[in-house]
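> Show me how the following folds:
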Amino acid sequence: MNPLNWSYRTLSALGALICFGSIAYALYVQHYMFMLPCPLCIFQRIAFGTAGVFFLLAALHNPRGRGFRRLYGVLAALSVLAGAGIAGRHVAIQLMPADEALACSSVGLDYMLETMPMTDVLSTVLKGSGDCAKIDWTFLGFSMPMWTLALYALLLALAVTASIKKH
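This is a model prediction of the structure:
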């Protein structure tokens, strides 16, 4: 069955399922495999959650007109692009040579959120830390941020395809 022939509701529901499934797997890895997320991982989860909410709203609303379909598509796509940017930065940090890897930050995200303005938190997190360079998990030779980047590309395609659907 050709995914391009799937309905708007089906494409949107699939986007939501991928987003929330990604978060569920990340929580499984954190709580049952005992791999703590770095700050970039947490921000990627936020992007998945935000995109998932827009996909879910689109699936539940299932608007007939193109205006709302495009609105949901743009909102989901912006969330996905933000997540892809964060995941791309995470992959770049992981691919740095070991001697250039960033020093481990002793300041946790909780502390930064309590003591710093949000713009400074974002700036600090996106600079990365040694925690972000560490690769604890791979599948088929790709790290988790590499897989999330691939999922973001899939989600972007879903958002665009759904937003231009006529039915």
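> From now on I want contacts and neighbour counts done on CA atoms only, so please keep to that.
Will do.
> Could you point out the longest helix of this protein?
Determined from DSSP state H, the single longest helix within the chain is helix 66-95.
> So Lys165: helix, strand or coil?
coil (DSSP: H, G, I helix; E, B strand; the rest coil).
> how about the nearest residue to Gly88 once chain neighbours are set aside, secondary structure?
Sequence neighbours aside, Leu149 is the residue nearest to Gly88 in space, at 6.6 Å (criterion: Cα to Cα, 6 or more residues apart in numbering). Secondary structure, three-state DSSP: Leu149 is helix.
> one step back: show me which residues of the longest helix of the chain are buried.
Residues of helix 66-95 classed as buried: 69-70, 72-91, 93-94 (neighbour count, 16 or more other Cα atoms under 10 Å).
> Figure out the helix or strand that Phe54 lives in.
Assessed by DSSP states H and E, Phe54 sits inside helix 39-61.
> Tell me which residues are up against that helix.
8-13, 15-20, 22-23, 26, 69, 72-73, 75-77, 79-80, 82-84, 86-87, 90, 108-109, 125-126, 128, 132, 145, 159 (Cα atoms under 8 Å, 6 or more residues apart in numbering).
> Show the average pLDDT along that helix.
Computed over helix 39-61, the mean pLDDT rounds to 93.
> For it, buried residues please.
39-41, 43-59.
> wait, doesn't Ser143 sit right on Trp137?
Yes: with contact defined as Cα atoms under 8 Å, Ser143 reaches Trp137; the gap is 5.9 Å.
> Touching both of the two, which residues are there?
By Cα under 8 Å, 6+ apart, no residue touches both Ser143 and Trp137.
> Comparing the two, which residue is more hemmed in?
Ser143 (16 against 12; other Cα atoms under 10 Å).
> The more buried one pairs with what?
Thr138 (DSSP bridges).
> ok, now how distant is it from Ile93?
12 Å (Cα to Cα, to the nearest Å).
> Likewise for Tyr28?
Counting by Cα to Cα, the gap from Tyr28 to Ile93 is 24 Å.
> name the helices or strands packed onto the helix or strand hosting Ala162?
Using DSSP H and E, Ala162 sits within helix 144-163. Secondary-structure packing of helix 144-163 (3 or more Cα pairs under 8 Å, 6 or more residues apart in numbering; DSSP states H and E): helix 8-32, helix 66-95.
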